[in-house]
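> This is a predicted model, with the sequence first.
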Amino acid sequence: MLTGSLVETLLKAVDAKDDIFVRELLNNDTYNQNDMTNIVKLMSESTLLTFLQVLVGTVIQNPYSPECLSWLLITLTQLDTESKESSQKAALLAVDSVLDNLRSVRDQCKELNTLVKATLDAAISSVQNHSVKRARRELTRASRDVEPLVSFKL
């Protein structure tokens, strides 16, 4: 459940660049898609860019987290629709680093469950095409199936 104090805490942590605290908040399933979208809409452009940096680091550390990937896609959507061209370029650079990480994870895991591999392939394809809406749809669909299957770390 989204509360005002939780939103305020998250926004303060992002502004303070408290990566560890933000990552702890991101790696839980407290928020639904609407909550995430509403929180991201409250952020200024500079806060969005800082949040994007934290998200990229979090997704690279834990590429199997559907929550982190959802946050990333929602943040990219907001940057794509509401930000200046320079911020959009920064977002695309972040997408490229996530894409490189997803490729690396896929390549390192020869024994991946077929469904997990298909999820990573769908995410890579969507990011390559800079199709945020499609990527969000693919990851949301797949996360319901993949989450119970992913119980290992690299």
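Looks like it arrived, so ask away.

> From here on, just use CA atoms for contacts and neighbour counts.
Noted.

> Going along the chain, name the helices of the protein.
Counting by DSSP state H, the chain has helices at residues 4-15, 19-26, 33-41, 45-61, 66-82, 85-108, 114-128, 132-146.

> Those helices: lowest mean pLDDT?
Of all the helices of the chain, mean pLDDT reaches its minimum on helix 132-146 (a mean of 56).

> Let me see the contact set for the closest residue to Leu10 other than its chain neighbours.
Take Leu10 and drop its neighbours on the chain: the residue closest to it by CA to CA, 6 or more residues apart in numbering is Val22, 6.5 Å away. Neighbouring residues of Val22 by CA atoms under 8 Å, 6 or more residues apart in numbering: Leu10, Ala13, Val14, Val54.

> go with 10 Å
Applying CA atoms under 10 Å, 6 or more residues apart in numbering to Val22 gives the contacts Thr9, Leu10, Leu11, Lys12, Ala13, Val14, Ala16, Phe51, Val54, Leu55, Thr58.

> Adding neighbour count and distance to Ile39, write those out as JSON lines.
Converted to JSON lines, the contacts of Val22 look like this (neighbours: other CA atoms under 10 Å; distance: CA to CA, whole Å):
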{"residue": "Thr9", "neighbour count": "15", "distance to Ile39": "11"}
{"residue": "Leu10", "neighbour count": "20", "distance to Ile39": "9"}
{"residue": "Leu11", "neighbour count": "21", "distance to Ile39": "8"}
{"residue": "Lys12", "neighbour count": "14", "distance to Ile39": "12"}
{"residue": "Ala13", "neighbour count": "18", "distance to Ile39": "13"}
{"residue": "Val14", "neighbour count": "23", "distance to Ile39": "12"}
{"residue": "Ala16", "neighbour count": "12", "distance to Ile39": "16"}
{"residue": "Phe51", "neighbour count": "24", "distance to Ile39": "11"}
{"residue": "Val54", "neighbour count": "21", "distance to Ile39": "15"}
{"residue": "Leu55", "neighbour count": "24", "distance to Ile39": "14"}
{"residue": "Thr58", "neighbour count": "23", "distance to Ile39": "18"}
